[in-house]
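K.L.:
sequence-free structure coming up:
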């Protein structure tokens, strides 16, 4: 089975793209959501997170304190790197297990940092979703009720879009200039031929 990564900067529209693929009966592994699940339920991972960020990284009920974690890692690149070094391998292992259980010609793995952490190299193909920075900021402000500085800091912590495009097998323009559905259908047909 073919494994395909879907990535792009925050607010580029990765999830929207994946929802359309799901309508085509293609299974999608949402790495960020699964990372949060693993960080809240995998005891070994929880203890590693606490050793890096302190026990405040979790609420009393055992759930991840996302606001606290974000406030630390988006202002301390060393802590972010330490967290990524323990979370990404756990997510990768979980994604492979999930992918092996699917019955489809290909699967998608959606993640913001596929290029940054190098895990795109373990996939067969990579789709990069792009959109202008101003548009991405507006989307995230509307979606997350964040403030401009927080969103800008998160964008600045990600690899620039042009660097991601260099390693892409497929690029989806989500600026509104071209039909998203037509672009996805074209990629879908190509991947079905390759499987």
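P.N.:
Now that the structure is in, tell me what you want to look at. Note that this is a predicted model, so its numbers are computed, not measured.
K.L.:
List the contacts of the spatially most central residue of the chain.
P.N.:
Nearest to the mean C-alpha position of the chain, by C-alpha atoms, centre = their mean, lies residue 111 at 1.8 Å. Shown in contact with residue 111 (C-beta atoms under 8 Å, 6 or more residues apart in numbering): 5, 6, 7, 31, 32, 91, 119. To be clear about C-beta, it is placed using only N, CA and C from the backbone, and glycine gets the same treatment.
K.L.:
I'd like to know which of the residues you listed are buried.
P.N.:
5, 6, 7, 31, 91, 119 (16 or more other C-beta atoms under 10 Å).
K.L.:
how's this structure carved up into domains?
P.N.:
1-27+105-195, 33-101 (automatic domain parsing).
K.L.:
With secondary structure as extra columns, can I get the buried ones among the contacts of residue 111 in CSV?
P.N.:
Listed next are those as CSV, based on DSSP: H, G, I helix; E, B strand; the rest coil:
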residue, secondary structure
5, strand
6, strand
7, strand
31, helix
91, helix
119, helix
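K.L.:
Pull the most distant pair out of these.
P.N.:
6 and 91 (14.4 Å; C-beta to C-beta).
K.L.:
okay, now residue 129: neighbour count?
P.N.:
27 (other C-beta atoms under 10 Å).
K.L.:
ditto for residue 23
P.N.:
Residue 23 has 10 nearby residues by other C-beta under 10 Å.
K.L.:
And it, how far from residue 47?
P.N.:
Taken as C-beta to C-beta, to the nearest Å, the spacing of residue 23 relative to residue 47 amounts to 40 Å.
K.L.:
Okay then, goodbye and thanks.
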